[in-house]
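**Student:** One predicted model, sequence on top.
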Amino acid sequence: MHALEKILAKASGKKEVYTGEIVNAKVDFAGINDLYLQTIYSFYEMGAHKVWDKNKIAFIFDHYAPAPTIQAAKNHHEMRKFAQENALAHHFDVNMGVCHQVLVEAGVILPGRVVVLTDSHTTTYGAFGAFGTGIGATDMATVLISGELWFRVPEIVEIRIEGEPAKGVYPKDVVLHILGRLKANGAVYKGIDFTGSYVEKLDVPGRMVLCNMSVEMGAKTAYIQPDKKVLDYIDQFATYPYEVQKTDPDYKYSENYVFEVSELMPQIAVPHSVDNVRSIDEVGSVIVNQGFIGSCTGGRVEDFEAAANILKGKKIPPYTRLVVIPASTKVLQECFKKGIMDVLIDAGATLSSPGCGPCLGAHEGVLAPGEICITASNRNFPGRMGSTGAEIYLASPATVAASVLNGRITDPRTIEAE
Amino acid sequence: MKTKFVGKAIILQDNIDTDQIYPGRYLELVDPEEIGKHCLEGVDPSIASRFVKGDIIVAGTNFGCGSSREHAPIALLSMGVSAVIAESFARIFFRNAINLGLTLLTCKGINKRIRSNQSIEVDIIAGTITILETGEVIQCEKIGDHAINILKEGGIKALYRKRMGVN
């Protein structure tokens, strides 16, 4: 069996599970973000009164944090009331950041766990050897009642990544390249297991980027076998015991892909689809109005550090803007401690409070019709970051920084660091 | 449970994502009627205002890809969509739609076989689509038992109410 299958088998009280089988699995942790007041409505509509386990559920206010509208404030208000009435042990209010960063820092994302959130990027937790998947609000309401959810045991594909890319080429470039080849429907309903020498060398944030973007290929979940580096990282935060699952040596993947990334250049997903990916030298001259570094994909310390290395001692030109939003308060504090945030602010960046920011077009830097944005976030669908008349280019944080510095899309390898 | 629907086909393309079905800027809305007014605004802002209740969406591959927002199926239901037929569906959208009682049918190449505004009949038990003008019957993938059981009850909420003995 694959490690993901072993996780599902254990959670559903079975010795073995098979691809395509529907299992009822116990959920180890459930998170609801602030888009989904519907979860509470559905919970009560189904006749429920109390949640199944107050220690395994949390609300995370990230998409609208702090509340930009009266409606969003009302939604937060109702969620807080529900959390208090149910005496939830964990709660992440508007001061914390993006769910996929804060839950890791809270030590509830652990190897071998089944984690569901009302957010598609829950695939991120594969970086920690957990089974993470996104679900909708009413599905979540059934979890709050029963502590279980039905899953179809997915086909699992291996994406083996070999080689060592040049300096200036980041995990985001690697995953965009894969997305461009396998396409937005390349892994619908499947689990993706990332393997290979590139992955083995990758640090924890880089692994999170690969697993995070897996959902853009339609994946149900993602996985990277945790190694010592990952377990050391987890042990800083872990609040519960955990069990690491391991794939059997004779396991046969439903498909195998191999990518060699030694020669890879920075990659860009051009409008209006995540799989419309080109090497940066094929993009041509594109003026940018806004850059965004942030979100569950590109808002960690390493991302701002890469941007600061490019922007140190330089100024973003007038009429071009850069919005920077750390994925969590902890990330923000560390960026300040390391002097990274000062560099970005000195260069002319606009710092906003930890959360999802303009990634989904809610607030803190939405786009006008005709504007062009280059972003370290995850989606470039029409209207994703504001007007449907705006254009969104997806790239690594370094490419975003280089591009705002030049006012047009720029290969970060052409910028000399101070 | 209603197992047959007749409506006019609205043809959409591949990879209709949830931002196109329901733009993120309206996610704070909670009233289904309000949500329905913005349905498919990312494809064509005029669809919701001229939509005839009961009409059927016919799309290409990976319909509903992107976010986990339940607003997407809520918007489609509230606008009056009786069924969505697509070559394939994204998984979270699929679960959300079935949970809310929105009928989905998977059928290869369907958005190229049916023309815009043709009247079609969908039979969800047989898994077939009939083009009423020509009488042509198209066989789709049958909906799995698990999903049919949820749809039969009118969605997961009704199923849970029954399970928990709530009227």
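**Tutor:** The structure has been received and is ready for your questions.

**Student:** which regions of chain B lie under the pLDDT threshold?
**Tutor:** B:167 (pLDDT under 70).

**Student:** Okay, helices next: where are they in it?
**Tutor:** B:18-21, B:32-36, B:47-50, B:71-79, B:91-100, B:110-113, B:145-152, B:156-163 (DSSP state H).

**Student:** closest point of chain B to chain A, which residue?
**Tutor:** B:V166 (3.0 Å; Cβ to the nearest Cβ). C-beta coordinates here come from the backbone N, C-alpha and C atoms, glycine included.

**Student:** Quick check: that residue touching A:E45?
**Tutor:** No: the pair B:V166 / A:E45 is not scored as a contact, 9.4 Å apart, by Cβ atoms under 8 Å.

**Student:** Looking at the two now, which is surrounded by more residues?
**Tutor:** A:E45 (17 against 13; other Cβ atoms under 10 Å in any protein chain shown).

**Student:** How about the more buried one, nearest residue that isn't a chain neighbour?
**Tutor:** In this structure, A:E45 finds its nearest non-sequential neighbour in B:K157, 5.3 Å apart by Cβ to Cβ, 6 or more residues apart in numbering or on different chains.

**Student:** With A:F259 instead?
**Tutor:** Nearest to A:F259 is A:I161, by Cβ to Cβ, 6+ apart, at 5.0 Å.

**Student:** which one of the helices of chain B lies closest to A:A402?
**Tutor:** helix B:18-21 (27.0 Å; Cβ to Cβ).

**Student:** Now do the SS call for the residue of chain A found nearest chain B.
**Tutor:** Residue of chain A nearest chain B, by Cβ to the nearest Cβ: A:G47 (3.0 Å). Remark: A:G47 carries the secondary structure label coil [criterion: DSSP: H, G, I helix; E, B strand; the rest coil].

**Student:** In JSON lines, list the helices of chain B along with mean neighbour count.
**Tutor:** Output for these, formatted as JSON lines (neighbours: other Cβ atoms under 10 Å in any protein chain shown):
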{"stretch": "helix B:18-21", "mean neighbour count": "27"}
{"stretch": "helix B:32-36", "mean neighbour count": "16"}
{"stretch": "helix B:47-50", "mean neighbour count": "12"}
{"stretch": "helix B:71-79", "mean neighbour count": "26"}
{"stretch": "helix B:91-100", "mean neighbour count": "26"}
{"stretch": "helix B:110-113", "mean neighbour count": "17"}
{"stretch": "helix B:145-152", "mean neighbour count": "16"}
{"stretch": "helix B:156-163", "mean neighbour count": "19"}
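
**Student:** between those, which gets nearest to A:M208?
**Tutor:** Nearest of those to A:M208, taken as Cβ to Cβ: helix B:91-100 at 19.7 Å.

**Student:** and the closest one, what does it pack onto?
**Tutor:** In terms of contacts (3 or more Cβ pairs under 8 Å, 6 or more residues apart in numbering or on different chains; DSSP states H and E), helix B:91-100 is packed against helix A:137-146, helix B:71-79, strand B:103-106, helix B:145-152, helix B:156-163.

**Student:** Name the residues that touch that helix?
**Tutor:** Applying Cβ atoms under 8 Å, 6 or more residues apart in numbering or on different chains, the external contacts of helix B:91-100 come out as A:120, A:134-139, A:188-189, A:218, A:220, B:18, B:63-65, B:67-68, B:70, B:72-74, B:76-77, B:84, B:89, B:103-104, B:147, B:150-151, B:155-157.

**Student:** can you list the residues of the stretch 251-400 of chain A near chain B?
**Tutor:** A:273, A:360-362, A:366, A:379, A:381-384, A:386, A:388 (Cβ under 8 Å from any Cβ of the partner chain).

**Student:** can I get the residues you listed in JSON lines with distance to A:I57?
**Tutor:** Converted to JSON lines, those look like this (distance: Cβ to Cβ, whole Å):
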{"residue": "A:S273", "distance to A:I57": "35"}
{"residue": "A:L360", "distance to A:I57": "23"}
{"residue": "A:G361", "distance to A:I57": "28"}
{"residue": "A:A362", "distance to A:I57": "24"}
{"residue": "A:V366", "distance to A:I57": "31"}
{"residue": "A:R379", "distance to A:I57": "27"}
{"residue": "A:F381", "distance to A:I57": "30"}
{"residue": "A:P382", "distance to A:I57": "34"}
{"residue": "A:G383", "distance to A:I57": "32"}
{"residue": "A:R384", "distance to A:I57": "29"}
{"residue": "A:G386", "distance to A:I57": "32"}
{"residue": "A:T388", "distance to A:I57": "35"}
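
**Student:** about what we covered before: export the helices and strands packed on helix B:91-100 to CSV and tack on distance to A:K246?
**Tutor:** Formatted as CSV, the helices and strands packed on helix B:91-100 follow (distance: least, Cβ to Cβ, whole Å):
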stretch, distance to A:K246
helix A:137-146, 27
helix B:71-79, 37
strand B:103-106, 35
helix B:145-152, 30
helix B:156-163, 34
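
**Student:** For A:N95, give me its contacts.
**Tutor:** Contacts of A:N95 by Cβ under 8 Å, 6+ apart are A:65, A:329, A:354.

**Student:** nearest to A:M208, of these?
**Tutor:** Here the nearest of those to A:M208, counting by Cβ to Cβ, is A:P354; it sits at 16.0 Å.

**Student:** Not counting residues beside it along the chain, what's closest to A:P326?
**Tutor:** A:L332 (4.0 Å).

**Student:** ok, now which ones touch the one you found?
**Tutor:** Going by Cβ under 8 Å, 6+ apart, A:L332 touches A:97, A:326, A:341, A:354.

**Student:** I'd say the second one and A:C296 touch.
**Tutor:** No: applying Cβ under 8 Å as the test, A:P326 and A:C296 come out as separate, 11.5 Å apart.

**Student:** Kindly export stretch B:76-89 (C-alpha atoms) in PDB.
**Tutor:** The C-alpha trace of stretch B:76-89 is given here as PDB (Å, rounded to 0.1, in the frame of the first residue of the first chain):
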ATOM      1  CA  LEU B  76     -26.100  27.400  -9.700                       C
ATOM      2  CA  LEU B  77     -29.000  25.900  -7.700                       C
ATOM      3  CA  SER B  78     -30.300  29.400  -6.700                       C
ATOM      4  CA  MET B  79     -30.200  30.600 -10.400                       C
ATOM      5  CA  GLY B  80     -32.400  27.600 -11.200                       C
ATOM      6  CA  VAL B  81     -30.000  25.200 -12.900                       C
ATOM      7  CA  SER B  82     -31.600  21.700 -12.900                       C
ATOM      8  CA  ALA B  83     -28.500  19.800 -13.800                       C
ATOM      9  CA  VAL B  84     -24.900  20.200 -15.000                       C
ATOM     10  CA  ILE B  85     -23.500  17.900 -17.600                       C
ATOM     11  CA  ALA B  86     -19.700  18.000 -18.200                       C
ATOM     12  CA  GLU B  87     -17.000  15.900 -19.700                       C
ATOM     13  CA  SER B  88     -15.400  15.900 -16.200                       C
ATOM     14  CA  PHE B  89     -15.800  17.600 -12.800                       C
END
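
**Student:** and that stretch, which residues are buried?
**Tutor:** By 16 or more other Cβ atoms under 10 Å in any protein chain shown, the buried positions in stretch B:76-89 come out as B:76-79, B:81-89.

**Student:** Any part of stretch A:220-239 near chain B?
**Tutor:** Yes: for stretch A:220-239, a contact with chain B is found by Cβ under 8 Å from any Cβ, at A:K220.

**Student:** now do the same end-to-end measure for that stretch.
**Tutor:** 26 Å (Cα to Cα, to the nearest Å).

**Student:** again, but for stretch A:346-364
**Tutor:** Distance between the boundary residues of stretch A:346-364 (Cα to Cα) amounts to 19 Å.
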